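>>> Okay, sequence plus prediction incoming.
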Amino acid sequence: MKLKSFTAFLLLAFLASCSGSDKAKNESAKEDNVPTVKVEQVSEQDVDQIQTYTATVEPYLINNISAQMSNRIKAIYVDEGMRVSKGQKLVVLDNVNTDSYQLQISTAQAQLSQLEADLNRAKELYRIGGGTRQQVEQMQTQVTAARNQLATARRALRNAQENTVLTSPINGVVTARNYDPGDVTGQLPVLTIGRVQPVKVVINVAETEYAKLRKGMPAVMTFDTYGDRKFTGVVSLIAPTVDTNTKTFGVEITLPNADGAVLPGMFARVTLNFGTARHVVVPDKAVVKMQGSGNSYVYTYSDGEVHYVQVQLGRRIDNSYELLSGVESGTYVVVTGQSRLANGIKVKLAK
């Protein structure tokens, strides 16, 4: 009887020890399943409010070199892309029209001489009583008309002579050539000359930034052609109206371009600094970007739990991001271990 009791006691003790061991194993397993994360506390900083835009370089001024009337081109001395100087001969046109204008002048001069002689005779007859005042006045009117006709013929000849040789009104670059020697000029200009010292770029700025702009504020530009070299221009014109479709307005920036390095058609990246603002800055490794949606999130940590918070990103600053909204200063954010996280779960901090 005593042997049976002792055997039963041993069995109960064994079962109790097994139960305790299983419970400890379960607790250990639960502990192992809690994700381990690293966190950092974020704070507000002064952040430069820099915006970057893209644009294409345009000539500061454009002149179309055209003939006043249709004419045949005898010679063109420049081609697209060439630099020209003010007053430089660019195009020579056929001067066939000048002969006809010269003939018109000779005819008008002969008519005027004849009418002036007739006027003098009419005045003499009137003086001696052989004519009337009305005849003198009529002859005077004819002489005046003849003088006007001669002046018109001379002006036409002068215009034709000026139109025969076309010169550049500015220093610049040939941006377009529409004809070749032997062609007859039409509606298109023969050449287009662009002034490239200075040049300009026109960017489209968001309506929300209108109040931050001012004439004369600096703009920094870079061009793929020149790598990291920076060019500085100024805001010279701010459009007074907003495009209703894009909710943007045009801003013209003038670049002095003293060395002529920047040419029309180049692709420019324009940076404007709108001052500074106090915003929360978080490490870039804290930001989780949702592919396809364009949304960004961070995990915040408090009292052993993490929570999924959507944020609005501003500028990237080295290894950090400016946050425009979503997280307050002093918050702890997860910087490693996000892959195992879900909203509201318990976590433990890495030592």
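The structure has been received and is ready for your questions.

>>> Run a quick neighbour tally on the closest residue in space to M266 that isn't next to it in sequence.
Distances taken as Cβ to Cβ, 6 or more residues apart in numbering put V57 closest to M266, at 4.5 Å, once the chain neighbours are dropped. In this view, the C-beta of every residue, glycine as well, is placed from N, C-alpha and C. Around V57 there are 22 other residues, counting by other Cβ atoms under 10 Å.

>>> If you count neighbours, what's buried in the strand or helix carrying V57?
Assigned by DSSP states H and E, V57 belongs to strand 43-65. Using 16 or more other Cβ atoms under 10 Å as the test for burial, strand 43-65 gives V47, Q49, Y53, A55, V57, E58, P59, Y60, I62, N63, I65.

>>> D224: which of these is nearest?
Proximity of the buried residues of strand 43-65 to D224 (Cβ to Cβ) peaks at V57, which lies at 11.7 Å.

>>> hmm, back to that, wait, the residue nearest to M266 touches P264, no?
Yes - here V57 reaches P264: they are 5.4 Å apart, a contact under Cβ atoms under 8 Å.

>>> overlap in contacts of these two?
V199 (Cβ atoms under 8 Å, 6 or more residues apart in numbering).

>>> which secondary structure elements does the next helix-or-strand element following the strand holding V57 contact?
Helices and strands here follow DSSP H and E; after strand 43-65, the next one along the chain is strand 73-76. For strand 73-76, the packing partners by 3 or more Cβ pairs under 8 Å, 6 or more residues apart in numbering; DSSP states H and E come out as strand 89-93.

>>> Enumerate the positions of whichever strand or helix holds D118 that are buried.
Applying DSSP H and E as the criterion places D118 in helix 96-128. Residues of helix 96-128 classed as buried by neighbour count (16+ other Cβ under 10 Å): N97, T98, Y101, Q104, I105, A108, Q111, L112, L115, L119, A122, Y126.

>>> Please apply the same query to stretch 79-91.
V84, Q88, L90, V91.

>>> TSV please, covering the residues you listed and showing distance to V184 and pLDDT.
As requested, the buried residues of stretch 79-91 are exported to TSV (distance: Cβ to Cβ, whole Å; pLDDT from 0 to 100):
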residue	distance to V184	pLDDT
V84	23	94
Q88	24	94
L90	17	95
V91	13	94
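
>>> okay, now the residue nearest to M217 when sequence neighbours are not counted: neighbour count?
Spatially, and ignoring its direct neighbours in sequence, M217 is nearest to V235 (5.0 Å; Cβ to Cβ, 6+ apart). With neighbours defined by other Cβ under 10 Å, the count for V235 comes to 19.

>>> OK, contacts around V235?
So V235 contacts L213, R214, K215, G216, M217, A219, V251, E252, I253, L272 (Cβ under 8 Å, 6+ apart).

>>> do D94 as well
By Cβ under 8 Å, 6+ apart, the neighbours of D94 are N71, R72, I73, K74, T164.

>>> For the third one, give me its contacts.
Listed by Cβ under 8 Å, 6+ apart, the contact set of I73 reads V91, V92, L93, D94, Y179, D180, P181, G182, D183, V184, T185, V190.
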